[in-house]
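[1] Below are the sequence and a predicted model; questions follow.
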Number of protein chains: 4
Amino acid sequence: MDYQGILNIIEKQLKITPITGKVADYIPPLAKVNPTHLAMYLKCTSGDEFYFGDYQEKFSIQSISKVYTLALAKEIIGDQLWKRVGVEPSGNPFNSLTQLESEKGIPRNPFINAGSIVVADGLLSVLENPKKDLLNFVRKIASDNEIYYDEKVAASEKKHGYRNVALINYMKSLNNIENHPEDVLDFYYDQCSLSMNCQQLAKSFMLFANEGKRLGTNERVFNSQSIKRINAIMQTCGFYDEAGEFSYRVGLPGKSGVGGGIVALHPKHYTVAVWSPPLNKKGNSELGMKALEELTSLTGLSIF
Amino acid sequence: MDYQGILNIIEKQLKITPITGKVADYIPPLAKVNPTHLAMYLKCTSGDEFYFGDYQEKFSIQSISKVYTLALAKEIIGDQLWKRVGVEPSGNPFNSLTQLESEKGIPRNPFINAGSIVVADGLLSVLENPKKDLLNFVRKIASDNEIYYDEKVAASEKKHGYRNVALINYMKSLNNIENHPEDVLDFYYDQCSLSMNCQQLAKSFMLFANEGKRLGTNERVFNSQSIKRINAIMQTCGFYDEAGEFSYRVGLPGKSGVGGGIVALHPKHYTVAVWSPPLNKKGNSELGMKALEELTSLTGLSIF
Amino acid sequence: MDYQGILNIIEKQLKITPITGKVADYIPPLAKVNPTHLAMYLKCTSGDEFYFGDYQEKFSIQSISKVYTLALAKEIIGDQLWKRVGVEPSGNPFNSLTQLESEKGIPRNPFINAGSIVVADGLLSVLENPKKDLLNFVRKIASDNEIYYDEKVAASEKKHGYRNVALINYMKSLNNIENHPEDVLDFYYDQCSLSMNCQQLAKSFMLFANEGKRLGTNERVFNSQSIKRINAIMQTCGFYDEAGEFSYRVGLPGKSGVGGGIVALHPKHYTVAVWSPPLNKKGNSELGMKALEELTSLTGLSIF
Amino acid sequence: MDYQGILNIIEKQLKITPITGKVADYIPPLAKVNPTHLAMYLKCTSGDEFYFGDYQEKFSIQSISKVYTLALAKEIIGDQLWKRVGVEPSGNPFNSLTQLESEKGIPRNPFINAGSIVVADGLLSVLENPKKDLLNFVRKIASDNEIYYDEKVAASEKKHGYRNVALINYMKSLNNIENHPEDVLDFYYDQCSLSMNCQQLAKSFMLFANEGKRLGTNERVFNSQSIKRINAIMQTCGFYDEAGEFSYRVGLPGKSGVGGGIVALHPKHYTVAVWSPPLNKKGNSELGMKALEELTSLTGLSIF
């Protein structure tokens, strides 16, 4: 069966799947998103593309942005970065403080909040104009200039972000934050507020499926070794304390966000983005998880 | 033997005891305190007083102030307070976040930092002029107007207080802080910056040894039931994760501070304050612990 | 008001107090105890005694026995004991393994299961005939030879004691158990199976209220220093993770057991035992806690 | 470069790599293994094989056996198994009790000790002759009858296995063990005592690289879906709290054992076994990790 046929089957299944999850409601701009949005977009390394639903409708990508900042930081800072953040799955919720205490302020991995805040702090120390530079980077790898920060989302995150203030100040007290906590969080909230659609997401992640090179031009943006390693971290840490479940059911590296988006990729084959706002108890898109599980079941292909 | 004789023995012993601890150095004003200061002051419910050393030299009382704010909050807010903070020993260091996470933002007791911050938040909601009101209260129960905040200490605490910012924002994220975090911490740092000497401390604690009444006038400030309960909390929680050790070795309710001060009391008998800046690994005055252990050994009297 | 008058009031109150707790049901012999039993017995250091209810009905004293073994072990082994078990409140349930792991097999205190198992192991190493010696000791300090082990209870504990097998083997793996785990547990289950009534309990604890001396004869069994210290541990650790609550509400050192018994004492004044089988969520006798709270409220006397 | 050329380079590098790790010494039979053993054996799905060193020398496979029992249990018991054990990385050492307590006796995954003990218990309930059946299964999938249990190793594990006794009794107390703890542990120790060489290991794991089919005959032993899922669990959980590191550095699913062996596989490409007894601090073969990292670096191929 071809990919479009498979996507058609997935779309039909999702539409009759009862939803038990809830849209993220910790900030008003997310709470008021229509829960019935549904989109899937798959782009092959051959250039072919397949999709259904609202794949050109933008949403808040939230934690998916952590992959962009990690890739940038790994490129600029290099392996020094691993002195400040680990690569192990946390086995704990994304905003937990407990492990951070027993491990002296070194976050387990760059995809839990504490870890991504450390990455943001690292970028703040080396980028000239962090907010602008990050946006340009994302636009470039997505080959699309119509990507913007959503200032309302960023402002709302900031207003309700007591937990992140706790995390960063805790790490600051243990000397693992270089810049002023407020500056770091401002940049972190900008990053999380990126508004993108499934097509833009899948296109921007093509670098990770194509050994670090842009599709078409074959221009190398990252070396292939770095790409493999970031994929490995997505595989073991991309879904908070549901990383094992995603790996078990889907078998692809990927990253989710509380906006209801998930991006995954099959190296050398394709990237795929799904969007459905209601989240399961672990904070991952309920239908998104199901869509990707169906995708690897129906194709019979995963990295395993 | 009379109390003065016992204090003389204690003074001699302390002077030949080798010190292995270190003065608190997390803020400059504490770090530069002369480690050789030594003072002890004991006041009986009969009115008699006994002392040695620098008992009229002021120092930063730090966490000892948590008893004042607890007493005030218990008086004004009543048992509603216990919905926001517990009365159990924590079994963890004073600034730990781990337990706070597993117990959903309700601090174990009012003498760990998180708990005292909740108490400060409670007072901020009910006092008209918290900073002034607290000072007046302490002056009144110590019968001494020469008690002041040390603004330099408060400012320095604020500048270095990342851990407390983490604690309060974490509790705020779990809805256990009513006021703005910064306002609460400002008041909390004021409270901890109170500068008092051993004599003032022992006198102010006389209420707790005298069933809630001022000595001499017999004016009732607190009801005796409240006093018993605050004494009970001092007994089980007054020395961080060394509360059991203090109870075991000394056998009196008390409270320590990182300034090197300790106040303890034998209900219906006496209050006693000691001061020696070097702290043991648990953050309690090394010689202060020893002095009080000697006191109950030599008198043969404790609450047990 | 005299003690008998106070006990009469307490009895009346308890009889109209609705019970929400449940009788311990983890072993059949405890599960089938009649939940309506109610008894209280108070013995003054003057020799006077006051009581109501089934104060001569025996029940399984369970964890109350931990005080006997601690007293014996402290006497025979001395302060070496504290290398293997601490004196700090645990802040965790009585059978928790978590803290034991982070603290390398050294239990927090001798009144959680792990700690009392270490104490039992210590006695096994030094007593000639541990089971017989312990019984003789308890009979002696209670001045009553009609005290026995309940072999059925011990056998049932052993049959269902997977958790204790886990605790002791964990400590054995960390070299904090000297004898064969099964031998230690056999002795531990014997100790917990002691069957006593309120009168016997209160009489046996008189040593702890009377500075280590037997009432009447004034024969010294323990030195007064040891007694004070064991009282201190009862105060901070006698009620599992409700020790602070008991200290706050009652204000006396004491020890509870899952058989529904509690013994408490006011040094130099009295010992008191209560029995009511239904337990609250923390595993302490619901009415027993209330009875003792009323006792110190009505007398207006506690150690604080 | 061909695989043999790559293996030759790896061999040279390993021979000049200074070893900082230590051979497992918790039981005598492991402690006395010669630390200088070194072997690597790679088998392609094409049937080609490449190797160096003592690839026909047997050693104790220890935890590598957990993959065999998981595969068997998943086949026989089906998805019911996941009610008793999870698929999430633990983020804790392999023999930790802490997480088991907070998660009510359900081990995080089948590759930590507690999880594999649950799997062994499951097999004990369904296999007619567990010890014999398991051996036959391993011999069959390795196409080699010269595979045996090492009774001395099993006996020694049993003698020193206090920690495992703790784990299983803890789970038994929480109703997650069906059989008698001693019987389960006997079977568990048998499984861990399997003595195999690199060639046998790589051949037996070919099923996992070949979609569940035996090489050559193409006989299907497991369905391909199950195989993918077990590979996914190896990827996220195969190296205790170093699973992320292995995924990051090597990028293949695999499993290690304290005997110094590691098996890994590249689905549809090859299986590979390495053996070098000295372990790093996380309990994984130091040189084994390095050999596999070199393998995926030099081939430029991993699952990512």
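    Thanks, I have the structure now.

[2] how close does the nearest residue to residue A:66 once chain neighbours are set aside get to residue D:91?
    When the adjacent residues along the chain are set aside, residue A:66 lies closest to residue A:116, with 4.3 Å between them (Cβ to Cβ, 6 or more residues apart in numbering or on different chains). C-beta here means a position set from N, CA and C on the backbone, and glycine is covered the same way. For residue A:116, the distance to residue D:91 (Cβ to Cβ, to the nearest Å) stands at 17 Å.

[3] re earlier: okay, now the residue nearest to residue A:66: neighbour count?
    Using other Cβ atoms under 10 Å in any protein chain shown, residue A:116 has 27 neighbouring residues.

[4] So residue A:88 sits against residue A:110, correct?
    No - in this structure, residue A:88 sits apart from residue A:110 without contact. The criterion is Cβ atoms under 8 Å, and the distance is 10.9 Å.

[5] In contact with the nearest residue to residue A:259 once chain neighbours are set aside, which residues?
    By the measure of Cβ to Cβ, 6+ apart, the closest residue to residue A:259 outside its immediate chain neighbours is residue A:60, 3.9 Å from it. Residues near residue A:60 by Cβ atoms under 8 Å, 6 or more residues apart in numbering or on different chains: A:29, A:30, A:33, A:150, A:153, A:192, A:193, A:194, A:195, A:257, A:259.

[6] quick one, strands of the stretch 51-200 of chain A?
    Counting by DSSP state E, counting those that start in this stretch, residue ranges of the strands within the stretch 51-200 of chain A are A:59-60, A:148-149, A:194-196.

[7] State the mean pLDDT of the last one.
    In other words, strand A:194-196. Taken as a whole, strand A:194-196 has an average pLDDT of 98.

[8] Would you list the strands that it pairs with, along with their directions?
    Here strand A:194-196 is paired, per DSSP bridges, with strand A:59-60 (antiparallel), strand A:148-149 (antiparallel).

[9] tell me the mean pLDDT over the first one?
    Read it as strand A:59-60. Mean predicted confidence for strand A:59-60 is 98.

[10] of all of chain A, which residue lies closest to chain C?
    residue A:102 (8.1 Å; Cβ to the nearest Cβ).

[11] For that residue, the count of nearby residues, please.
    9.

[12] tell me the pLDDT at the nearest residue to it once chain neighbours are set aside?
    The shortest distance from residue A:102 to any residue that is not its chain neighbour, by Cβ to Cβ, 6+ apart, is 7.2 Å, and that residue is residue B:98. What the model reports for residue B:98 is a pLDDT of 78.

[13] could you list every residue that touches residue B:98?
    Residues in contact with residue B:98, defined by Cβ under 8 Å, 6+ apart, are A:97, A:98, A:101, A:102, B:92.

[14] show me what contacts the third one?
    Spelled out, that is residue A:101. Residues in contact with residue A:101, defined by Cβ under 8 Å, 6+ apart, are A:170, B:96, B:97, B:98.

[15] and the first one, what does it touch?
    Going back to what we said before, that points to residue A:170. With contacts defined as Cβ under 8 Å, 6+ apart, the neighbours of residue A:170 are A:97, A:100, A:101, A:105, B:97, B:162, B:163, B:166.

[16] In contact with the fourth one, which residues?
    Think residue A:105. If you count contacts by Cβ under 8 Å, 6+ apart, residue A:105 has them with A:170, A:171, A:173, A:174, A:175, A:176.

[17] interface residues of the stretch 51-200 of chain A facing chain B?
    Contact residues (Cβ under 8 Å from any Cβ of the partner chain) of the stretch 51-200 of chain A with chain B: A:96-98, A:100-102, A:162-163, A:165-170, A:172-173, A:181.

[18] Repeat the analysis, applying 10 Å as the threshold.
    Contact residues (Cβ under 10 Å from any Cβ of the partner chain) of the stretch 51-200 of chain A with chain B: A:92-93, A:95-102, A:160-175, A:177, A:181.

[19] Which of those fall within helices?
    Within those, membership in helices is found for A:98-102, A:160, A:162-173, A:181, as judged by DSSP state H.

[20] I'd assumed residue A:207 was in contact with residue A:267.
    No - counting by Cβ atoms under 10 Å, residue A:207 is not a contact partner of residue A:267; they are 11.1 Å apart.

[21] and for the two, which residues touch both?
    Taking Cβ atoms under 10 Å, 6 or more residues apart in numbering or on different chains as the contact definition, residue A:267 and residue A:207 share the neighbouring residues residue A:227.

[22] Quick one: the helices in the stretch 151-300 of chain A, in order.
    A:151-160, A:162-173, A:181-192, A:198-204, A:206-209, A:224-237, A:243-249, A:286-299 (DSSP state H, counting those that start in this stretch).
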